[in-house]
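Return a 3D structure for these sequence lines:
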Amino acid sequence: MPITFRKLTEPADLQLVEALERAVWNTDEVVPYHMTITVAKFGGLFIGAFDDDEMIGFLYSFPGFTEGEPHLCSHMLGFLPAYRKQGLGVQLKWLQRDEALAMGHTKITWTYDPLETVNGILNIVKLGGIVRTYLPDCYGVLDDEFNRGLPTDRFLVEWFLDSGRVQRHKEGSVPPPALAANAPEILAYETVDDVPRPLDVRFDLDESLLLLPVPAHFQEVKRTDMKIAADWRAKTSQLFQHYFARGYTVTHILRDLEIVRYVLEKRSFSSILQEADRG
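Now for the predicted structure:
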């Protein structure tokens, strides 16, 4: 049977979220049911993915308020291992957009590790989210498999639900900005024994388009050499914070086999959201 999706409002469905969260992340530190049902009653949004009657994935979001602006905070999205890499996350996010707009929201925010580029492809390339905020050590020390040993730096993704940019992404693939592939890189790297290593950084560039390369498979870098992984974290943290402070926004990603390049644009925020064709 095809995978189906539905908004979760009933206690029986919301009780399933706790067990699924434990299975998805292999942890006992889960959001308890009494909090889940309370959030659902007072402005939260929960969506489940089902294979027949079995919940195999879920999305958890709650209302937030930042600098005088209400929005929806998307906190968790996960699937059981057998259901990953099938495009289900994209379907779940587009349904989240529809439900959020129906609730009166025009923006959803969430965080992700900028060095976990699979998440970046989903958030920026497929959904049309943008990034202009870097959160150093956002969650403090975490001892799970994906975060152990490094500061938990995060991008804050902003998803402007009714913008022309997001609508174009919903309608189909959106190409990178013209001339992005020829933009200067603000971090040099070399590959030694199949492991990319960061070298020199540039803080003095001012072109309208810049590229910041990062490893395409950061967990493999961590398993091979934690010192190199820590160097990637430190250098990219400095660069993103520097160029965000100078008015740049991450708007796209260029993919390669070993390296993924974030595209940073310096242009008006309204222009980015309008996302007019630029040739």
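
Tell me the helices and strands packed up against the strand ranked longest in the chain.
For the chain, the strand with the greatest residue count under DSSP state E is strand 54-66. Under the contact criterion of 3 or more Cβ pairs under 8 Å, 6 or more residues apart in numbering; DSSP states H and E, strand 54-66 touches helix 11-25, helix 33-41, strand 45-51, strand 69-79, helix 88-103, strand 107-112. C-beta: built from backbone N, CA, C; applies to glycine.

And these: which comes nearest Ala180?
Among the helices and strands packed on strand 54-66, strand 107-112 comes nearest to Ala180, with 21.2 Å by Cβ to Cβ.

after that closest one comes which helix or strand?
Sequence-wise, the next helix or strand downstream of strand 107-112 (DSSP states H and E) is helix 117-120.

mean confidence for the following helix or strand past that next one?
Following helix 117-120 in sequence order, the next helix or strand is strand 130-135 (DSSP H and E). Averaging pLDDT along strand 130-135 gives 98.

How far off centre is the longest strand of the chain?
14 Å (Cα atoms, centre = their mean, to the nearest Å).

that older thread, now distance to Phe240, mean neighbour count and mean pLDDT too, for the helices and strands packed on strand 54-66, in a markdown table please.
Shown next, in a markdown table, are the helices and strands packed on strand 54-66 (distance: least, Cβ to Cβ, whole Å; neighbours: other Cβ atoms under 10 Å; pLDDT from 0 to 100):
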| stretch | distance to Phe240 | mean neighbour count | mean pLDDT |
| --- | --- | --- | --- |
| helix 11-25 | 26 | 16 | 92 |
| helix 33-41 | 31 | 16 | 94 |
| strand 45-51 | 29 | 21 | 97 |
| strand 69-79 | 21 | 19 | 95 |
| helix 88-103 | 23 | 17 | 97 |
| strand 107-112 | 13 | 21 | 97 |
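
What is the burial count for Ala245?
If you count neighbours by other Cβ atoms under 10 Å, Ala245 ends up with 10.

Contacts only, for Gly44.
Gly44 makes contact with Tyr60, Ser61, Phe62, Pro63, according to Cβ atoms under 8 Å, 6 or more residues apart in numbering.

do that again at 7 Å, thanks
By Cβ atoms under 7 Å, 6 or more residues apart in numbering, the contact set of Gly44 is Ser61, Phe62, Pro63.

before we move on, what about Arg168?
Arg168 sits in contact with Gly128, Val174, Glu275, where contact means Cβ under 7 Å, 6+ apart.

Now do Asp194: how many residues are near it, please.
Residues lying near Asp194 (other Cβ under 10 Å) number 10.

do the one 4 residues further on as well
Here the number of neighbours of Pro198 (other Cβ under 10 Å) works out to 20.

Quick one: name whatever helix or strand follows the top helix by length along the chain.
Longest helix in the chain by number of residues (criterion: DSSP state H): helix 226-245. Sequence order places strand 249-255 as the next helix or strand after helix 226-245, per DSSP H and E.

Okay, now the sheet partners of the helix or strand following that following strand, with direction.
Of the helices and strands lying after strand 249-255 in sequence (DSSP H and E), the nearest is strand 259-265. For strand 259-265, the paired strands and their directions (DSSP bridges) are strand 209-215 (antiparallel), strand 249-255 (antiparallel).

Can you name the element that comes right after the first one?
Read it as strand 209-215. Taking DSSP H and E, what comes next after strand 209-215 is helix 218-224.

Residues contacting that following helix, please?
Leu115, Glu116, Phe146, Val195, Pro215, Ile228, Ala229, Trp232.

make it 8 Å
Residues outside helix 218-224 that contact it (Cβ under 8 Å, 6+ apart): 113, 115-117, 146, 149-150, 195-196, 215, 228-229, 232.

Repeat that for stretch 8-23.
For stretch 8-23, the surrounding residues in contact (Cβ under 8 Å, 6+ apart) are 27-28, 30-33, 36-37, 40, 46-48, 55-58, 60, 76, 78, 80.
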